[in-house]
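Visitor: Predicted coordinates and the sequence they were generated for:
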Amino acid sequence: MTVQLEVVDLNKLPSSFEVLTQAEQTYYQTLRVPKRRTEWLGGRLALKRLILVQTGKKDFKQIEVLPQPEGKPQVRVDGQNWSGAFSITHSHGFAVAAIDSQADFMGIDLEKIEHRIEAWKTGFFHPDELTGQGDEFLTSLWTQKEALVKLLGTGLSINSFDVRCVKGKPQFFGAALEIFKQLGSPQITLTTSTLLPGFMFSVAIGRNKSKAGSCFTE
Ligand SMILES: CC(C)(COP(=O)(O)OP(=O)(O)OC[C@H]1O[C@@H](n2cnc3c(N)ncnc32)[C@H](O)[C@@H]1OP(=O)(O)O)[C@@H](O)C(=O)NCCC(=O)NCCS
């Protein structure tokens, strides 16, 4: 397992001035909702801790993590684009970051296990995905789908039915399938666990080294 994870408690954050570069600080100041600011800072702290260890750098401010226009962040280390696979998620007081030096693409998602209404279930998931029931099953499925849309780099700007997870296996259709092909049809490994008590957490890792993908098409 080459994935490295860092969990940050959002109630124990240092000052933004210790963590953020000037450009990050400028973006941070535009975030008006306190919860969103805390999450954004916590996600950066978690990711920067991992990248400091990975690169041997010493200062958080050598690393810059800013969103690209479509939402997916870009990492720069000493001003150069960093090519490692990474992802960020936050939920209910925690931020988590992950990196994998052997992966080409990555997406992670953390969600609290909660009861959600029927309309959410049928609106978000294709019937093929609903192979189980209960709050833990549906929360797991949600984290799997969100990890996959982050791996693709689209987020939920695409139709949620175009990215499916059936018994732990990803399936792509329509626009999602086109993007998956543009990425080189990577082999995807999807892992779901209880990272923290009361939460479900999924990691999707894409590798282009083998072309034997585990995805199905329609
Ligand atoms: C990306 C998305 C799946 C995130 O899901 P979420 O459960 O709301 O949030 P999470 O905490 O799990 O993840 C947020 C992180 O995903 C990452 N992310 C955002 N867009 C991404 C994308 N297109 N690809 C990969 N990662 C993305 C960011 O790192 C973000 O954290 P940050 O803003 O602090 O850097 C979802 O929010 C989405 O698709 N958003 C689309 C854009 C959108 O709807 N914007 C609303 C504008 S008002």
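Guide: Good, I have the coordinates.

Visitor: can you tell me which helix in this protein is longest?
Guide: Of all the segments of type helix in the chain, defined by DSSP state H, the longest one is helix 34-55.

Visitor: Once you drop chain neighbours, what's closest to the residue of the chain found nearest the ligand?
Guide: Here the chain gets closest to the ligand at one residue, residue 155, 2.5 Å apart by Cβ to the nearest ligand atom. To be clear about C-beta, it is placed using only N, CA and C from the backbone, and glycine gets the same treatment. Spatial nearest neighbour of residue 155, excluding adjacent residues (Cβ to Cβ, 6 or more residues apart in numbering): residue 71 at 5.1 Å.

Visitor: what's the neighbour count on that neighbour?
Guide: Using other Cβ atoms under 10 Å, residue 71 has 12 neighbouring residues.

Visitor: Then residue 183?
Guide: Using other Cβ under 10 Å, residue 183 has 16 other residues around it.

Visitor: next one: the one 5 residues further on
Guide: When neighbours are counted by other Cβ under 10 Å, residue 188 registers 23.

Visitor: Where does it fall, secondary structure wise?
Guide: Under the criterion of DSSP states H and E, residue 188 resides in strand 187-193.

Visitor: in this protein, which spans are strands?
Guide: Listed in chain order, the strands of the chain (DSSP state E) span 3-9, 63-67, 73-77, 80-81, 85-91, 94-100, 105-112, 163-166, 169-172, 187-193, 199-207.

Visitor: Could you export these to TSV, including columns for mean pLDDT?
Guide: Shown next, in TSV, are these (pLDDT from 0 to 100):
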stretch	mean pLDDT
strand 3-9	98
strand 63-67	98
strand 73-77	97
strand 80-81	96
strand 85-91	98
strand 94-100	98
strand 105-112	98
strand 163-166	98
strand 169-172	98
strand 187-193	97
strand 199-207	98
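
Visitor: Need those in CSV (columns: distance to the ligand).
Guide: Output for the strands of the chain, formatted as CSV (distance: least, Cβ to the nearest ligand atom, whole Å):
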stretch, distance to the ligand
strand 3-9, 11
strand 63-67, 6
strand 73-77, 5
strand 80-81, 16
strand 85-91, 4
strand 94-100, 7
strand 105-112, 5
strand 163-166, 10
strand 169-172, 15
strand 187-193, 14
strand 199-207, 10
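
Visitor: how about these, which one is nearest residue 39?
Guide: When those are compared by Cβ to Cβ, strand 85-91 sits nearest residue 39, at 4.0 Å.

Visitor: Strand partners (parallel or antiparallel) of that closest one?
Guide: strand 94-100 (antiparallel) (DSSP bridges).

Visitor: could you give the angle of the partner strand to helix 34-55?
Guide: Counting by axes from the mean of the first three to the mean of the last three Cα atoms, to 10 degrees, strand 94-100 lies at 30 degrees to helix 34-55.

Visitor: Next, the buried residues of strand 94-100.
Guide: By 16 or more other Cβ atoms under 10 Å, the buried positions in strand 94-100 come out as 94-100.

Visitor: chain center to that strand, what's the gap?
Guide: 8 Å (Cα atoms, centre = their mean, to the nearest Å).

Visitor: Also stretch 142-152?
Guide: Taking Cα atoms, centre = their mean, the mean C-alpha location of stretch 142-152 is offset from the chain mean by 7 Å.
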